[in-house]
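Asks: Got a sequence here, can you model it:
(one chain, ligands or ions: 1)
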Amino acid sequence: MAPRASSRAAARRSLVFPTLPRRPMPPAPCAEEEPVGFWVADEFAAWIVDTFIRPGGPLANEEHAHLNDARLGVLWTNAINRSQQREVMATAEIPGIQAGGWRRARFEWQLAQWFGTAPDFPLTFSGPIARTLSDRAFCALVSHELHHCAQALDQYGDPKFDAVGAPMYAIKGHDLEQFVGVVQQFGVTSAAERAFLAAAASAPDVGDDAIEIACGTCLRAAA
Ligand SMILES: [Zn+2]
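Replies: Residues are numbered from 1 along each chain as shown. Prediction:
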């Protein structure tokens, strides 16, 4: 039974990945240790929109639909970023969450230098790590970062807009990160856990290669 299951899983994967637009790769200098740099990756940003956000994209997910109107600013870097003894693969940010004063102004100015106008969500990816990832792991990493990129909610739980009707954005944590202990002790008690179990049960394939994502946004939140 096991070999048949794994060949079925491989067939499913091969159905998905050859249809992807060509996967973005970091520029050659980003593979070197020195000099450290950041590279604007407009093609990577366009690939994310085409693959994950645009309706009908090969890995489109309606949970990312609000990002159709968002500006993503994607950077590659070879700078090493360690957090909690793990090497960070990627981060998702919003400019507004930086500290105020010059720190925030400097960050926004730098983003404008790179992207023209400051993007709603700067996304940073480690080039040296991304090169080593399988297509599936790379896509899981990108999808993970996009799940952090949320529309802010008002007090009634509805999507929030500013005074001129533009969506307001926020960085979202994970539905489940602090719930494992609760589930172990008490079983499934919350709607988020039920939703997760239903998603896991209906997923076509959990895969035979473990994907462990070291995300700077998560590691910072957990610190
Ligand atoms: Zn994360």
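Asks: all strands of the chain, in order?
Replies: Assigned by DSSP state E, the chain shows strands spanning 38-40, 72-77, 82-83, 86-87, 90-92, 121-126, 149-151, 169-171.
Asks: hey, what's the residue of the chain found nearest the ion bridged with?
Replies: Proximity of the chain to the ion (Cβ to the ion) peaks at C215, 2.9 Å away. Just so you know, the C-beta spots here come from the backbone N, C-alpha and C atoms, and that holds for glycine as well. Following DSSP bridges, C215 is listed with bridge partners A90.
Asks: Let me have the strands of the chain in TSV, extended by mean pLDDT, distance to the ion and mean neighbour count.
Replies: Below are those laid out as TSV (pLDDT from 0 to 100; distance: least, Cβ to the ion, whole Å; neighbours: other Cβ atoms under 10 Å):
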stretch	mean pLDDT	distance to the ion	mean neighbour count
strand 38-40	98	20	16
strand 72-77	98	16	23
strand 82-83	90	11	14
strand 86-87	90	12	14
strand 90-92	95	7	23
strand 121-126	97	11	23
strand 149-151	94	11	21
strand 169-171	93	9	18
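Asks: Would you format those as CSV with distance to P58 included?
Replies: Shown next, in CSV, are those (distance: least, Cβ to Cβ, whole Å):
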stretch, distance to P58
strand 38-40, 24
strand 72-77, 18
strand 82-83, 31
strand 86-87, 29
strand 90-92, 20
strand 121-126, 19
strand 149-151, 19
strand 169-171, 25
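Asks: Those: which one's closest to L141?
Replies: strand 90-92 (5.7 Å; Cβ to Cβ).
Asks: Pull the residues that contact that closest one.
Replies: With Cβ atoms under 8 Å, 6 or more residues apart in numbering as the test, strand 90-92 has contacts from 81, 121-126, 141-142, 144-146, 148-149, 171, 215-217, 220.
Asks: picking that back up, to M25, which of the strands of the chain lies closest?
Replies: That would be strand 72-77 among the strands of the chain, by Cβ to Cβ, at 9.0 Å.
Asks: Contacts only, for the residue nearest to V49 when sequence neighbours are not counted.
Replies: Using Cβ to Cβ, 6 or more residues apart in numbering and skipping the chain neighbours, the partner closest in space to V49 is L72 (7.1 Å). Contact analysis of L72 by Cβ under 8 Å, 6+ apart lists 45, 48-49, 119-121, 123, 149.
Asks: which among those gets closest to L67?
Replies: Out of these, the member with the shortest distance to L67 (by Cβ to Cβ) is C149, at 6.0 Å.
Asks: my read: that closest one touches I171, true?
Replies: Yes - applying Cβ atoms under 8 Å, one finds C149 in contact with I171, separated by 7.3 Å.
Asks: what's the offset of stretch 117-124 from the middle of its chain?
Replies: Averaged C-alpha coordinates place stretch 117-124 at 13 Å from its chain's average position (Cα atoms, centre = their mean, to the nearest Å).
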